[in-house]
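Chemist: Quick one, what's the 3D model for this:
(chains A and B)
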Amino acid sequence: MLKIVKNNKKARTGVLNLGGFEVQTPFFMPIATKGAVKNISIEDLQSLGAQIVLGNTYHLWLRPGDELIKQAGGLAEFMNWNGPILTDSGGFQVFSLGARAGKNFGKNGVKLIEEGVEFSDPLDGKKYFMSPEKSIEIQLNLGSNVVMVLDECPPFPCSHDYARKSMELTLRWAARCQKYFQQKAPEGSKRPLLFAIVQGGVYEDLRKECARRLVEMNFDGYAIGGVAVGEPRKHLYEILDWVVDELPQDKPRYLMGLGKPEEIAAAVEAGIDMFDCVIPTREGRHGRLFVWNEENPTMTKILADKNFYQTINIVNKKFEKDFSPIDLNCDCEACQNYSKAYLHHLLKIKEPLFLRLASIHNLNFYLKLMRVLRES
RNA sequence: GGGUAGUUGGCGGAGUGGUCAAUCGCAGCUGACUGUAAAUCAGCCGACUUCGGUCUUCGGGGGUUCGAAUCCCUCACUGCCCA
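Modeler: Residues are numbered from 1 along each chain as shown, chains lettered A, B, ... in the order given. Sure, this is the predicted structure:
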């Protein structure tokens, strides 16, 4: 149950209790797919003010294995994270590991059938079969605080016909996940939340129907999936409009996998509470750093002018002799201690320190963005 | 002094008569990245260009040939071996 603190049209701020931790919404989850935010220590995450991190069922199942993590006392204990964790179900890997609509099914290491999904481990070719029940079982072993149902994330473009079939499968899987969860999830304060995932491609009728039917099933929260899979931007805002109106006020809403700062801001305005995205860490590693243009950002300013920030590519030659920090107004470790010229140098010589500083800086940008969106 | 192997674009290193402005790697420049198979991937990387081409390149010089980075002569330099 989401305790709403403040409403502003569709946008809201609130408090969500996850495993005994009170997290402020809307929030952004740094991604720790394999049990670590790449190049970042838990101490770093804490000083950045991250409230919750995301782990991945599929990757942790393969290694080190959910049973091992259960023995360790759960993923949070295992990785020394003193906070809540959301686990993705593995549904996205059906998409990202190569399944592409009907035509390529069975290729690229993923095979989708009614019962579940067969994956090949890209590293050793070993085959794994994940059913909705298996996904929940793994997530419970990981000690997740927010368990996601297994879904199918169709690609873009995707026909209405395929999107409907895919959505129906996602709905059947959601029911199976829910049933299994109700049987196996611990009761009481340790009971995690179970989130459903709204699919339906870029089609209004499907998105609304999917949302309605999932709401009828009464989950603890609702995610919007299958967005930012290659479709033009306008679809995102349409989908948010269609879906959010179908969702209950008192349940958290999670926009999966997004996004760019302006997308997150727009989604908060549209009523979304939760986000995760690889952009700050991945793009940081690749040299793209986020810089505020607006010195004293507020939600109003951000929504009014999408140029509230810019990105720089620190590898560019023009930073070779730029001895100023990435962002004069940024309080992160990278900006407080190092110049663009030094970071440029670190990246060019492939010094691992760069990966850490870039990740810290970009995560700091994202977490500040969320703070601004919550507090203004 | 004698013998031998070599000298290719910023570097390393293919190519051994035409399809070579010259494989490939590195370095360099630029771009992409949205529930992480991603410290990854893509493009460019002799000069000029109206992007169709044009011009000058494979140690220097001179030949052979319709045609040479590729064959011959010569000079220079480098590595190795013998004295």
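Chemist: Any idea which residue of the stretch 1-150 of chain A lies closest to RNA strand B?
Modeler: Using C-beta to the nearest atom of the strand, the single residue of the stretch 1-150 of chain A nearest to RNA strand B is A:Pro122, 2.4 Å away. Yep, even glycine has a C-beta here, placed from its N, CA and C like the rest.
Chemist: before we move on, what about the stretch 251-376 of chain A?
Modeler: Distances from the stretch 251-376 of chain A to RNA strand B, computed as C-beta to the nearest atom of the strand, single out A:Gly257 as the nearest residue at 2.3 Å.
Chemist: what's the next secondary structure element after the lowest-mean-pLDDT helix or strand in chain A?
Modeler: Within chain A, judged by mean pLDDT, DSSP states H and E, the helix or strand with the poorest mean is helix A:91-96; its value is a mean of 82. Following the chain from helix A:91-96 toward its C-terminal end, the next helix or strand by DSSP states H and E is strand A:110-113.
Chemist: after that following strand comes which helix or strand?
Modeler: Downstream of strand A:110-113, the next assigned helix or strand under DSSP H and E is strand A:116-120.
Chemist: what does the average pLDDT come to for that next one?
Modeler: Strand A:116-120 shows a mean pLDDT of 86 in the predicted model.
Chemist: thinking again about what came up before, list the neighbours of the least confident helix or strand of chain A that are in contact with it.
Modeler: With contacts defined as C-beta atoms under 8 Å, 6 or more residues apart in numbering, helix A:91-96 is touched by A:56, A:58, A:110, A:112, A:117, A:119, A:135, A:148-155, A:197, A:225, A:229, A:256-257.
Chemist: In it, which residues are buried?
Modeler: Applying a neighbour-count criterion of 16 or more other C-beta atoms under 10 Å, one finds A:91-95 buried in helix A:91-96.
Chemist: do stretch A:345-358 as well
Modeler: For stretch A:345-358, burial by neighbour count (16+ other C-beta under 10 Å) applies to A:345-347, A:354-358.
Chemist: shaky segments in the stretch 151-300 of chain A?
Modeler: By pLDDT under 70, the stretch 151-300 of chain A contains no weakly predicted segment.
Chemist: which bits of it sit near RNA strand B?
Modeler: A:151, A:153, A:197, A:223, A:225-226, A:228-229, A:233, A:256-260, A:263, A:276-279, A:281-283, A:285-288 (C-beta under 7 Å from any atom of the strand).
Chemist: Quick check on those: which are buried?
Modeler: By the neighbour-count criterion of 16+ other C-beta under 10 Å, these include these buried positions: A:151, A:153, A:197, A:223, A:225-226, A:228-229, A:256-260, A:263, A:276-277, A:279, A:281, A:283, A:285, A:287-288.
Chemist: So which residue of chain A lies furthest out from the middle?
Modeler: A:Lys321 (36.1 Å; C-alpha atoms, centre = their mean).
Chemist: What is the burial count for the residue nearest to it when sequence neighbours are not counted?
Modeler: Leaving aside its sequence neighbours, A:Lys321 sits nearest to A:Ala341 (C-beta to C-beta, 6 or more residues apart in numbering; 5.6 Å). Other residues lying near A:Ala341 total 15 when counted by other C-beta atoms under 10 Å.
Chemist: Next up, the contacts around A:Ala341.
Modeler: By C-beta under 8 Å, 6+ apart, the residues touching A:Ala341 are A:319-323.
Chemist: out of the residues you listed, who has the most neighbours?
Modeler: Looking at the contacts of A:Ala341 with neighbours defined as other C-beta under 10 Å, the largest count falls to A:Phe319 at 23 neighbours.
Chemist: Need phi/psi at the spatially most central residue of chain A.
Modeler: Computing the C-alpha centroid of chain A and ranking residues by C-alpha atoms, centre = their mean puts A:Asp276 first, at 2.5 Å. For A:Asp276, the backbone dihedrals (degrees, to the nearest 10) come out as phi -150, psi 150.
Chemist: so who does it touch?
Modeler: With contact set as C-beta under 8 Å, 6+ apart, A:Asp276 has these partners: A:28-31, A:54, A:86, A:256-257.
Chemist: and RNA strand B, which of the buried residues of stretch A:345-358 reach it?
Modeler: Near RNA strand B, judged by C-beta under 7 Å from any atom of the strand, the entries from the buried residues of stretch A:345-358 are A:Leu355.
Chemist: Whichever strand or helix holds A:Phe28 - what's its average pLDDT?
Modeler: When secondary structure is defined using DSSP H and E, the element that contains A:Phe28 is strand A:27-29. Confidence for strand A:27-29, expressed as mean pLDDT, is 98.
Chemist: rewinding a little: could you dump the contacts of A:Asp276 to a markdown table with distance to A:Glu294?
Modeler: Listed next are the contacts of A:Asp276 as a markdown table, based on distance: C-beta to C-beta, whole Å:
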| residue | distance to A:Glu294 |
| --- | --- |
| A:Phe28 | 18 |
| A:Met29 | 24 |
| A:Pro30 | 23 |
| A:Ile31 | 26 |
| A:Leu54 | 28 |
| A:Leu86 | 30 |
| A:Met256 | 27 |
| A:Gly257 | 25 |
